[in-house]
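Enquirer: model the structure of this input:
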Amino acid sequence: MLLGVLSCEAAATDATPLGKVISMLDEMAVKGQAEKDEEEVKFSAFSTWCSGQTKVKTDEIASGAAEMEMQGATIQKAEARIRSLTERVYELEEDVGRWNKDKKSASAVRSQEKADYTATANDYSESLDALTEAIATLKKQTHDRAQADLIQTVSKVHALRLVSLQTKQALSAFLKQAQPDELAVEAPEANAYEFQSGGVIDMLEKLKVEFFGKKADLDREETTANHAYEQIIQMLSDSIENAEHEVSKKRKGTAETQQLKADTTGALKQTTADKAEDTKYKSQMVSLCKLKTADFNDRQKLRGDEVAALKQAVEIMKSQGVKGAGDKHLPTLLQYHNQRKTAFAQLRSSDYNPLQHQISMFLAGRAKTIDSRLLSLVAQRVAADPFTKVKKMIKDLISKLMEESTGETEHKGWCDTELATNKVTREAKSEEIAKLTADVEDLTAQIAQLSQDIEDLNSGVSELTAAMADATNERTDAKARNTATVSEAKAAQKAVASAIAVLKDFYAKSAEAKAFTQESTQVSGPADDAPETFDGAFKGQLGEGGSVVDFLQVILSDFARLDAETAAAESTEADNYDNYMFESKKDKALKENEIEHKSNSKVNKESDLHSTQQELRSTQEQLDKSVNYYEKLKPTCVDSGITYEERVKRRGEEIQSLEEALKILAGTDIA
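Expert: Below you'll find the model as predicted:
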C-alpha cells in the first residue's frame, strides 16, 4: 500500500509542472527565493540610479563651477570697462573745459582786432575823403576863388593822423605861400594866386593812391583774420560737440555695463546657490546609497539564511515548471509591463518638448514681424537643438548682442568723424560693397544653416534607422517571450489548482521559521527621487502570510493575471510597433527628401556665393584705387546697408524677444 501511495505521488508529480505534493516550507522557500531575486532586481535599479545620479550631480557641480568662473570673469571685465569709460569721460570733460576757455580767449582777441581794424579803417576813410576834397579844390584854383577856402581844405589834410611827416612839411610850405601878409589883414580879400600847386596835387594823388591801397590791404587782413577766427571757433565747437556726444555715449555705455554687472552678479548668486544645493544633494545621495547598500547586504544575507533553513528542514520533490515560471514571471510582471508600455512612446518623444516648440514659434513670429534673420535662425536652432541647450544658447546670444551693441556704439562715433570728409567720393562704391557684403554674409549664413540642417537630418535618419532596427529586434524578442509566458502561465495555473486541493490539510501543520528584523535608515531629500527598493525591516514570511493554500491561491490568480495581461500586452505592443514603424518610415522618407532638397539648394547657394565674392573683390579694388585715404580707415566703418539707428532698434527688439523667450522658459506669462 505504501509503495502504491508513493507510486501515485510520483505519477502525480510527473503529471503537472507544479507538482501535486509540495510542502509549506518548500513553497515558502520558493517564495523567499523569488522575493530575494526581486529585491536584487530592484536594488540593481537603485544601484544604477546611484551611479548615474552621482555622475549627473558631479557634472552639474563642475558645470556650476565653470559657469561661476565665467560669470566672475564677466563681472571683472564689466568693472574694468566701467573704470575705462569713467576715465575717458573725465578726460573728455577736461578737454571740453579747455576748449571753452580757448573759445573765450579767441573771441576776446577777435574783438580787440575788430576794434583796431574799425578805428584804422575809419582813419583811412576820413583821410581819403580829405585828400579827394583837397585835390578837387586845388584843381579848381585856376579861376577866381577865395584863398581862405583853399587854406582850410589843405589844412584838413595837414591835420590827418596818417599823413607822414615829410608830406606835412610840404603842405606847411604850401600853406605859407598861400597865406596873405599879416600887415594886409584889413585889406580886401585877394583873389587866389595863380595856379602854382601842380606838385602838391601830384603829391596828394600819390598819397591818396597809397592810402587806398593800404585800406584795401587792411580790409583783406580783416577778412582773413575773421575767417581764421570762424574756422577756429567752428573747430572748437565741433570738438566740444563731438566730445559731449562721446561723453553721452560713454555714460550710456557705463550704465549698460553696470546693469550687465548687476545682472551677472545676481546670476552668480543664483549659480552659487544652485551649486551649493547640488553639492548638498550629492552628499545626501551618497550617504543614502551607502546606507541602502549596507542594508541590502544584510537583508540578502537574512533572506539567504531563511531559504537555506527552509530547504534544510524538509526534502521535497520540486516541479521545475512551477519554480521556473514563478521565478521568471511573477516577481517582474508589473515592472516588465510598465517598461514595455513606455518603450515605444519614449522612442518617439525623447527629444520633444512642448515648451521648446512654443519658444520656437514665438521667436519665428517675432523674426517675421521685425524682419530679423537672426531671430529666424535662432527659432530654427531652438526647434532643432536639445532642450537642455536652448536656455544657455539664448543667454549667450543676448550677451553677445549686448556686447555688439556697445562695440558698435563706440565705433560709430569714431567712424562718423573719420568718414565725414571722404564720404562723397566713395559713396557709390561703398553702397555697392555694403550690398555685396550683406549678400555674402546672407549666403554664408544660409550655407552654414543648410549644412547644419543636412547634418541634423542625416543624424536623424541614422537615429531613425537604428531605432527602427532596435524596435524590430525588441518586438521579435518580446513576441517570443510573450508566447512562452502565456504557455507557461496556462500550465502553471493548471498545476497550482491541483496543488491547492492537496495542500489544504498540510498547511496547518507547518512549523514557524525564525524571523530576522532590521530597521532600514531613511534619508530625506534624494530618497524621494530614488527608485523603489524596500522600506521597513525584513521579518521573514510566516508573520505575513496566512496558510499555504492562501498563498497558492494568490499564485493561481497571479498566473491567471499573467496569462491575461501578457496576451493583452502582446496585442498592444504589436499595434504600437506597427504604428511606430509606419510613422518612422514616413518621417525617414520626409527627412531624406528634405536632405536632397537642401543639398541642391546648398550647391546653388555656394555658386552664388562664389560669384558674389568675385564681384565684391572687383568692386573693392575699384574703391581702393579711387580713395587712397580710405585704405587708412577701418573697413568696419563702411555701412552694412542699414542705418545705425535701425540696427540699434532691431538689435533692441531682438534682445527683447530673446529675453521674453527666457521668460517663457521660466514659466512667466508675457504680453
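Enquirer: residue 555 - that's part of a strand, no?
Expert: No: per DSSP: H, G, I helix; E, B strand; the rest coil, residue 555 lies outside any strand segment and is helix.
Enquirer: can you list the domains in the chain?
Expert: Using automatic domain parsing, the domains assigned to the chain come out as 1-22+320-329+431-504+539-629, 48-180+193-316, 333-422+643-671.
Enquirer: residue 33: which of those is closest?
Expert: Across those, residue 33 has its closest neighbour in domain 48-180+193-316 (5.3 Å, C-beta to C-beta). No exception for glycine: its C-beta is placed from N, CA and C like everyone else's.
Enquirer: follow-up on the earlier one: among the domains of the chain, which comes closest to residue 526?
Expert: Among the domains of the chain, the nearest to residue 526 by C-beta to C-beta is domain 48-180+193-316 (3.9 Å).
Enquirer: so for the closest one, what's the average pLDDT?
Expert: Mean pLDDT, computed over domain 48-180+193-316, is 82.
Enquirer: so where do the helices sit in the stretch 251-400 of the chain?
Expert: For the stretch 251-400 of the chain, helices defined by DSSP state H, counting those that start in this stretch occupy the ranges 320-329, 333-349, 354-370, 373-384, 387-419.
Enquirer: I should have written the stretch 551-671 of the chain there, sorry.
Expert: According to DSSP H, counting those that start in this stretch, the stretch 551-671 of the chain carries its helices in the segments 644-665.
Enquirer: tell me which of the domains of the chain lies nearest to residue 32.
Expert: Closest approach to residue 32 among the domains of the chain (C-beta to C-beta): domain 48-180+193-316, 4.5 Å.
Enquirer: my read is residue 530 is in a strand, agree?
Expert: No: applying three-state DSSP, one finds residue 530 to be coil, outside a strand.
Enquirer: show me what contacts it?
Expert: Applying C-beta atoms under 8 Å, 6 or more residues apart in numbering to residue 530 gives the contacts 46, 49, 50, 285, 288, 292.
Enquirer: what is the most widely separated pair among those?
Expert: 46 and 285 (11.2 Å).
Enquirer: so between these two, which is more surrounded?
Expert: The neighbour comparison of residue 46 against residue 285 (other C-beta atoms under 10 Å) goes to residue 285, with 22 against 19.
Enquirer: distance to residue 525 added to the domains of the chain, as a markdown table?
Expert: A markdown table is the format used below for the domains of the chain (distance: least, C-beta to C-beta, whole Å):
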| stretch | distance to residue 525 |
| --- | --- |
| domain 1-22+320-329+431-504+539-629 | 27 |
| domain 48-180+193-316 | 4 |
| domain 333-422+643-671 | 23 |
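Enquirer: returning to that earlier point: got a markdown table for the contacts of residue 530, with distance to residue 461 too?
Expert: Output for the contacts of residue 530, formatted as a markdown table (distance: C-beta to C-beta, whole Å):
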| residue | distance to residue 461 |
| --- | --- |
| 46 | 37 |
| 49 | 33 |
| 50 | 36 |
| 285 | 39 |
| 288 | 42 |
| 292 | 43 |
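Enquirer: tell me how far residue 454 lies from residue 266.
Expert: For residue 454, the distance to residue 266 (C-beta to C-beta, to the nearest Å) stands at 40 Å.
Enquirer: between those two, tell me which one has more neighbours.
Expert: residue 454 (18 against 11).
Enquirer: angle of the helix or strand where residue 43 lies against helix 387-419?
Expert: Element membership for residue 43, per DSSP states H and E: helix 24-139. Per axes from the mean of the first three to the mean of the last three C-alpha atoms, to 10 degrees, the angle that helix 24-139 makes with helix 387-419 is 10 degrees.
Enquirer: number the chain from 44, please
Expert: Sure thing, new numbering starts at 44, so read that last one as helix 67-182.
Enquirer: for stretch 620-632, give the mean pLDDT please.
Expert: Per-residue pLDDT over stretch 620-632 has a mean of 89.
Enquirer: next, the buried residues of it.
Expert: Across stretch 620-632, burial judged by 16 or more other C-beta atoms under 10 Å covers 620, 623, 627, 631.
Enquirer: and residue 440, what does it touch?
Expert: For residue 440, the contact set (C-beta under 8 Å, 6+ apart) comprises 421, 701.
Enquirer: just checking, residue 286 touches residue 137?
Expert: No: here residue 286 lies out of contact with residue 137, judged by C-beta atoms under 8 Å, at a distance of 9.7 Å.
Enquirer: of the two, who's got more company?
Expert: residue 286 (19 against 11).
Enquirer: hang on, residue 265 packs against residue 160?
Expert: Yes: applying C-beta under 8 Å as the test, residue 265 and residue 160 come out as touching, 4.6 Å apart.
Enquirer: follow-up on the earlier one: dump the buried residues of stretch 620-632 to JSON lines, plus distance to residue 100.
Expert: Below are the buried residues of stretch 620-632 laid out as JSON lines (distance: C-beta to C-beta, whole Å):
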{"residue": "620", "distance to residue 100": "36"}
{"residue": "623", "distance to residue 100": "34"}
{"residue": "627", "distance to residue 100": "34"}
{"residue": "631", "distance to residue 100": "37"}
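Enquirer: so the helix or strand containing residue 265 versus helix 430-462, what angle?
Expert: For residue 265, the element it lies in under DSSP H and E is helix 241-356. Relative orientation of helix 241-356 versus helix 430-462 (the same axes, to 10 degrees): 170 degrees.
Enquirer: what packs against helix 241-356?
Expert: Packed against helix 241-356 by the contact rule (3 or more C-beta pairs under 8 Å, 6 or more residues apart in numbering; DSSP states H and E) you find helix 67-182, helix 208-221, helix 430-462.
Enquirer: and the next helix or strand past the last one?
Expert: So that's helix 430-462. helix 466-550.
Enquirer: for residue 499, report the pLDDT, please.
Expert: Value listed for residue 499 in the pLDDT field: 91.
Enquirer: what number of residues lie near it?
Expert: Residue neighbour count, defined by other C-beta under 10 Å, stands at 16 for residue 499.
Enquirer: quick one: it and residue 493, what's the gap?
Expert: Distance check for residue 499 against residue 493: by C-beta to C-beta, it reads 11 Å.
Enquirer: so where's the stretch 344-493 of the chain uncertain?
Expert: 348-399, 427-431, 454, 458-459, 461-469 (pLDDT under 70).
Enquirer: rewinding a little: of the domains of the chain, which is nearest residue 571?
Expert: Proximity to residue 571 (C-beta to C-beta) singles out domain 91-223+236-359 among these, at 10.3 Å.
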